[in-house]
Every structure is written in C-alpha cells, then in structure tokens.
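J.: Return a 3D structure for these sequence lines:
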Amino acid sequence: MKRLLAKFRTHLKGRDKGTVAVTFALSLPILLLLIGVIVQWALIANARLSINRAANAAARTAMTTLPTDPLLERGGPDMVRRSALIILASLSPAAPPGFDATADSQEVAQALADCSLKLPDRYALRYTHADQATALDLQPGDWTQFTRQHAPEVTLTLTYKFRLTVPGASFVGQRETVGGIDGYYLTMTAVRHVQLSDGREANSNVNAGGAP
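T.: Next comes the predicted model:
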C-alpha cells in the first residue's frame, strides 16, 4: 500500500511540471500590454506639457507681434506659429522620404544652430512634420485693422496631432496619415487668451474709427 501511494504521488508531481512556464507564457502578453499602456500615458503626459509650453511661447510672441501694420510687416501670424513649431518639433517624427524639409524649417534650424544649440537628429524634417500636424487659430482673425486704441484680446487655439508609438496603446487615438506618416494620433488642444500690446505697429494714418 505504501509503495502504491508513493508511486501515485510521484505520478501527480510529474503532471505539475511546466505549469509555471505555461502560466507565465499566458500572462506575459497581458503584462507587456500593461507596461506599454503605462509608457504611452507617460509619453502623452510629456506631450501635454510640451504643448502647453508651445502655446505659452506662441502667446508671448502674439503679445509682441500682433496687431501688425501690413505696411510695416506682414509676418505677425507666421511668427506666432513658428514659436509653437520650434517646441512641437521635439515631439514630432521626421518627415518620411519624399517630404523635403521646407524653407522655413531649414531657416529655423540654421538660426538655432547659429545660437550654438544642440538640435535633435533631422530637426528640419521634424519641424516639417510638426507644421503638418499643427493648426493655429487666432480670434479675432483680422488684427491688421486695429488702430491706436485700447488693445483687444486674442484667443489663441493651438491644436496638435501627437503620434502614438507604443503598440497596444493605439486605442486612445485615431488612425490617420499626417505629413506622410500613417499611424494612430491623439489630438491635443491648448487655449490661451492674450492681451495684445497697445498700438503695436498701428498705422498712424488711420483714426480711431478705422477710416483713413
């Protein structure tokens, strides 16, 4: 009887072999998915901070470049947008082959390099992709008619499509193609209310009522 019980116990122990390995193999995909989601949410949080910084930079530029007298300068809105893109380029992938760096991106990259700043790899192509992924809205839209009177406020809305790069976390975004790169993107928005500089480059030949 004792021999029979001992043999039976040995037979049962043999069946337990590999149970731990099978359990680990089954739980590994779930563990990797949880790790991927945590990493992606950390990247999203970092992107949110960067987008807020970009909106703040654009707002500061708007305070000093808008409203703009078209007789003196026509690059006010472009300067505001450029301030945001300089920061958002760090979040963007490089534009794929077939998308050449724009003249504006090359100009910005050269200016930053002249300031002895160490730029990320292929910064001009990253800037180009950021330009495709970014929308900037300024309200009211026609700031060229402002005269030397109390400066108005402008609502600045910055929208950026952030590319999700961690597999398994794409469910928080939407699949689309941005700047030639297909993938899942999460749309992020930052809004700032800006008090413009009073009489910034206003046309002195225009009276307070807006008539010549």
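J.: Tell me how many other residues surround residue 157.
T.: 14 (other CB atoms under 10 Å). Quick note: C-beta positions are derived from backbone N, CA and C, even for glycine.
J.: Could you look up the SS state of it?
T.: Recorded secondary structure, residue 157: strand (DSSP: H, G, I helix; E, B strand; the rest coil).
J.: Show me what it is bridged to.
T.: Assessed by DSSP bridges, residue 157 has beta-bridge partners residue 137, residue 191.
J.: so it touches residue 134, yeah?
T.: No. Using CB atoms under 8 Å, residue 157 makes no contact with residue 134, being 11.1 Å away.
J.: Could you point out which residue ranges in the protein have low pLDDT?
T.: Along the chain, the model assigns pLDDT under 70 to residues 1-18, 20-22, 24, 67-75, 141-152, 168, 197-212.
J.: Please list all residues in contact with the nearest residue to residue 53 once chain neighbours are set aside.
T.: Of all residues not flanking residue 53 in the chain, residue 87 sits nearest, at 5.4 Å (CB to CB, 6 or more residues apart in numbering). For residue 87, the contact set (CB atoms under 8 Å, 6 or more residues apart in numbering) comprises 50, 53, 54, 57.
J.: contacting residues around stretch 88-107?
T.: Contacts of stretch 88-107 (CB under 8 Å, 6+ apart): 47, 50-51, 54, 82, 109, 120-134, 160, 162-163, 179-181.
J.: Return the subset of those residues lying in helices.
T.: Using DSSP state H, the members of these that fall within helices are 47, 50-51, 54, 82, 109, 123-133.
J.: coming back round to it: is there a quick ChimeraX command that grabs whichever of the contacts of stretch 88-107 are buried?
T.: Listed next is the ChimeraX selection for buried residues among the contacts of stretch 88-107, using 16 or more other CB atoms under 10 Å:
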select :47,50,51,54,82,109,122,123,124,125,126,127,128,129,130,131,132,133,134,160,162,163,179,181
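J.: still on that earlier bit, need the contacts of residue 87 in a markdown table (columns: distance to residue 66).
T.: Below are the contacts of residue 87 laid out as a markdown table (distance: CB to CB, whole Å):
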| residue | distance to residue 66 |
| --- | --- |
| 50 | 23 |
| 53 | 20 |
| 54 | 17 |
| 57 | 14 |
